[in-house]
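>>> Sequence plus the predicted model coming up.
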Amino acid sequence: MGGVNLCYVRNHNLLINQNPIIAYHFGFSFKMYPFKKKPDLSLQSELMFNQKGYMQKLEKDYFFHFNYFSWTILANYPVNKELSVNTGLEISGLLSTNIIDGLTTYNHSDIGLVLGISCFETHRINFYSRVVYGLLPMLDYYKIDKLGNFTGKIHDLKNMTLSAGIKINLTNEKIRLFK
């Protein structure tokens, strides 16, 4: 599987002139059908390399890229023969960034809620789109008053990603955990 990400970060309005960036993701997935009483409901596990980030427009454009290794667990339900909806969690670990000292500055983990759709899942080539709403802050810092005193800790910059991609099925065999 692989595709493009439209990435953005939510913040406490301290990040000015922010714009989304286009990045990428790729990996593989495994689907199984573990529920005997709900034979159409499947669980999907994905391992992916994800690039996320944002762009800040100041006197010039500054790009902030964050490379994550992600594990996604999705519940997948077919609405009809050609369309499925899925929801779940994406757990990510920060591998690298283009920011100097970024691995010592930014938090190394992220968890996001996932909501998506898939088309033509029973075909060899199918399409998917999803939104990942990041729950954990990428950055923790202190708020400083006019006298230079620390007045509280701020947890800021949460990932927001819209992904679209293509998945190639190596096999269409349904893996069931029951007989």
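Noted; the coordinates are in hand.
>>> Bridge partners for F150, pull those for me.
I144 (DSSP bridges).
>>> For the residue nearest to L139 when sequence neighbours are not counted, give me its contacts.
Leaving out its chain neighbours, the residue that sits closest to L139 by C-beta to C-beta, 6 or more residues apart in numbering is L157, at 4.7 Å. Yep, even glycine has a C-beta here, placed from its N, CA and C like the rest. Contacts for L157 were tallied using C-beta atoms under 8 Å, 6 or more residues apart in numbering; they are V9, R10, N11, L15, P137, M138, L139.
>>> Give me the pLDDT for L157.
pLDDT recorded at L157 is 84.
>>> With C119 instead?
C119 carries a pLDDT value of 95.
>>> what helix or strand does the spatially most central residue of the chain sit in?
Note on the chain: the residue nearest the mean C-alpha position is V132, at 4.6 Å, using C-alpha atoms, centre = their mean. According to DSSP states H and E, V132 maps onto strand 125-134.
>>> Which residues outside that strand are in contact with it?
Residues outside strand 125-134 that contact it (C-beta under 8 Å, 6+ apart): 1, 3, 9-10, 86, 90, 110-120, 158-169.
>>> Any buried residues in it, and which?
N126, Y128, R130, V132, G134 (16 or more other C-beta atoms under 10 Å).
>>> which one among the residues you listed gets closest to Y54?
Closest to Y54 out of the buried residues of strand 125-134 is G134 (11.8 Å), distances taken as C-beta to C-beta.
>>> Distance of the closest one relative to K153?
G134 sits 18 Å away from K153, going by C-beta to C-beta, to the nearest Å.
>>> cool, I100 as well?
The value you get for I100 to K153, if C-beta to C-beta is used, is 23 Å.
>>> The residue lying closest to D145 once chain neighbours are set aside: neighbour count?
Nearest residue to D145, sequence neighbours excluded (C-beta to C-beta, 6+ apart): T151, at 4.9 Å. A count of neighbours around T151, defined by other C-beta atoms under 10 Å, yields 11.
>>> before we move on, what about the one 3 residues further on?
Neighbour count of I154, defined by other C-beta under 10 Å: 15.
>>> Now do the contacts for the residue of the chain most remote from its centre.
Most distant from the centre of the chain: L147, at 39.4 Å, with distances by C-alpha atoms, centre = their mean. L147 makes no contacts at all, as judged by C-beta under 8 Å, 6+ apart.
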